[in-house]
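Peer 1: fold the following and give me the result.
(one chain, ligands or ions: 1)
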Amino acid sequence: MTANAPIKHLLGIKGLSESHIQTIFETADNFKTLINGPVKKTPALRDITIANLFFENSTRTRVSFELAEKRLGADTINFSSSSSSVKKGETLIDTVNNILSMKVDMVVMRHPAPGACVFLSKHIDAQIVNAGDGTHEHPTQALLDAYSIREQYGDVAGKKVVIIGDILHSRVALSNIYCLQLLGAEVMVCGPATLIPKHIHALGVKVSHNLEEALRWCDVANMLRIQLERQDQRYFPSLKEYSRLYGLTMDKLNALDKEICIMHPGPINRGVEISSDVADSDHSIILQQVENGVAVRMAVLFLLGQQRL
Ligand code: CP
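Peer 2: This is a model prediction of the structure:
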C-alpha cells in the first residue's frame, strides 16, 4: 500500500500504510482534546447514518463506536444478531442490504467468521469498518493500542512489545503485529507452543515460551485472554497451570529491574492471564486504552466519512 492510496473501508491493518496510521493518530489527537473539553461533540458527520452490526458479543467496541458516532453527530442504528431475523435463517448479505435500503451510509460490523468484512465489501456499496472478524483482524483495537503506546512513550518506533497468551485464536494479536511493525516497533509473541501459530516467524516476530524471559525483554506487555469460545480442543492441561506459567502477577513484575507498561484489550479474566492487583495498578494502562478507543474510532469514522483516508 502506497502512502497516499485512498481507502474506502477499514477492513484490517493489512492494507494501511504508516502514513494512514499517522493521519488517524493526528486526527485522534484533535478528537481527544475535543472530548476532554466542555463541548464533547462536533457535527462533522451529521449527514451520515451508521449501522452497528454485531453478530458476536461485545462491550467495549460496540459502546465505543456508538459513542464515537454520536460525538461526530452521525445518526446510528444498532443491530444485534441474537434478537434479529438472522435467527430465522436470513443471510448476511440479505440482512445488510435490507438495512442499507433504509439509507444507511456506513457499516461497522463484528462477525465470528474471518473475512466476513472483506466478503461484505465485495457485495455492498456502503463503507465498512471491521469491528473484529473471527480470528482474523480487529483493526481499531490495534490502532487504539498503538495510540496508547505512543501516548505513553511519545513514539511507537523502537519500542519492544510482547503480546502474551492465546495468539492462535486472537484477531487482536494479528492486527497488533501488523500495526506495531508498520510503526517501527519490535514485536514478540509469548505463550505455550500450542497457542502460537506454527508459521508466525514468517511475520517477523520473535517467539518465546517463557513469560519471565519475555518480560525482561519488553517495554510493553499486552496480555490476551484465553479464548475458550473459539477453542475446539484442549490446548493446555488446566487454567490453573496456564495461570501459573503465563499469568502476570505482581511478584513477576517486582522481579524485574525496570518498569514496564501493561496493556489488555479486554475482557479481562482476572486471576487467569492477569492478577487483579496488576490490572488495577499504576503499571496498567487498560482504562486509558478504552478511553483512547473513542478518539481513535472518531478519527477512523471521520476520515472515512470525509473520504480523507
Ligand atoms: N477489546 C474488545 O474487542 O472488547 P469487546 O469484545 O468487549 O468489544
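
Peer 1: residues near the nearest residue to Phe25 once chain neighbours are set aside, how many?
Peer 2: Leaving aside its sequence neighbours, Phe25 sits nearest to Tyr147 (Cβ to Cβ, 6 or more residues apart in numbering; 5.6 Å). Where you see a C-beta, it was placed from the backbone N, CA and C, and this is true even at glycine. Neighbour count of Tyr147, defined by other Cβ atoms under 10 Å: 25.

Peer 1: cool, and Leu211?
Peer 2: The burial count for Leu211: 21, using other Cβ under 10 Å.

Peer 1: enumerate every residue touching it.
Peer 2: 164, 190, 245-246, 248, 252 (Cβ atoms under 8 Å, 6 or more residues apart in numbering).

Peer 1: now do 6 Å
Peer 2: Contacts for Leu211 (Cβ atoms under 6 Å, 6 or more residues apart in numbering) come out as Tyr246.

Peer 1: and it, what pLDDT?
Peer 2: We have a pLDDT of 98 for Leu211.

Peer 1: gap between it and His169?
Peer 2: 19 Å (Cβ to Cβ, to the nearest Å).

Peer 1: if we can go back for a sec, what kind of secondary structure is the residue nearest to Phe25 in?
Peer 2: Of the three states, Tyr147 takes helix under DSSP: H, G, I helix; E, B strand; the rest coil.

Peer 1: I'd guessed it sits against Glu291; true?
Peer 2: No - using Cβ atoms under 6 Å, Tyr147 is not in contact with Glu291; the gap is 10.5 Å.

Peer 1: so who does the nearest residue to Gly165 once chain neighbours are set aside touch?
Peer 2: Spatial nearest neighbour of Gly165, excluding adjacent residues (Cβ to Cβ, 6+ apart): Leu224 at 3.4 Å. Counting by Cβ under 6 Å, 6+ apart, Leu224 touches 165-166, 170.

Peer 1: go again with 7 Å.
Peer 2: 163-166, 170, 172-173, 273 (Cβ atoms under 7 Å, 6 or more residues apart in numbering).

Peer 1: tell me which of those residues is nearest to Ile77?
Peer 2: Val172 (26.3 Å; Cβ to Cβ).

Peer 1: so whichever strand or helix holds the closest one, near the ligand or not?
Peer 2: Assessed by DSSP states H and E, Val172 sits inside helix 171-182. No - using Cβ under 6 Å from any ligand atom, we find that helix 171-182 stays clear of the ligand, coming within 6.8 Å at best.

Peer 1: beyond that helix, next helix or strand please.
Peer 2: Next along the chain after helix 171-182, taking DSSP H and E as the criterion, comes strand 186-190.

Peer 1: contacts for that following strand, please.
Peer 2: Where contact means Cβ under 7 Å, 6+ apart, the residues beyond strand 186-190 that reach it are 160-164, 167, 173, 177, 180-181, 196, 200, 205-209, 211, 214, 217-218.

Peer 1: please list the residues of this structure that sit near the ligand.
Peer 2: With Cβ under 6 Å from any ligand atom as the criterion, the chain meets the ligand at residues 58-61, 132, 138, 141, 265-267.

Peer 1: change it to 8 Å
Peer 2: Within the chain, the positions lying close to the ligand (Cβ under 8 Å from any ligand atom) are 56-62, 64, 110, 131-132, 138, 141, 172, 265-267.

Peer 1: pretty sure Ile285 contacts Cys261?
Peer 2: Yes - the pair Ile285 / Cys261 is scored as a contact, 5.9 Å apart, by Cβ atoms under 7 Å.

Peer 1: now for the two: what residues contact both?
Peer 2: Each of Gln152 lies in contact with both Ile285 and Cys261 under the rule Cβ under 7 Å, 6+ apart.

Peer 1: picking up where we left off before, for the residue nearest to Phe25, give me its contacts.
Peer 2: Neighbouring residues of Tyr147 by Cβ under 7 Å, 6+ apart: 25, 28, 292, 296.

Peer 1: secondary structure class of the second one, three-state.
Peer 2: When you say that, I think you mean Ala28. helix.

Peer 1: could you report the pLDDT at it?
Peer 2: For Ala28, the model assigns a pLDDT of 98.

Peer 1: could you do Ser84 as well?
Peer 2: For Ser84, the pLDDT comes out at 77.

Peer 1: tell me the buried residues in stretch 203-223?
Peer 2: Buried residues in stretch 203-223, counted by 16 or more other Cβ atoms under 10 Å: 205-206, 208-209, 211, 214-215, 217-223.

Peer 1: show me which pair in those residues is furthest apart.
Peer 2: His209 and Asp219 (20.2 Å).

Peer 1: quick check: Leu303 touching Glu26?
Peer 2: No - Leu303 is not in contact with Glu26 according to Cβ under 7 Å; the separation is 10.2 Å.
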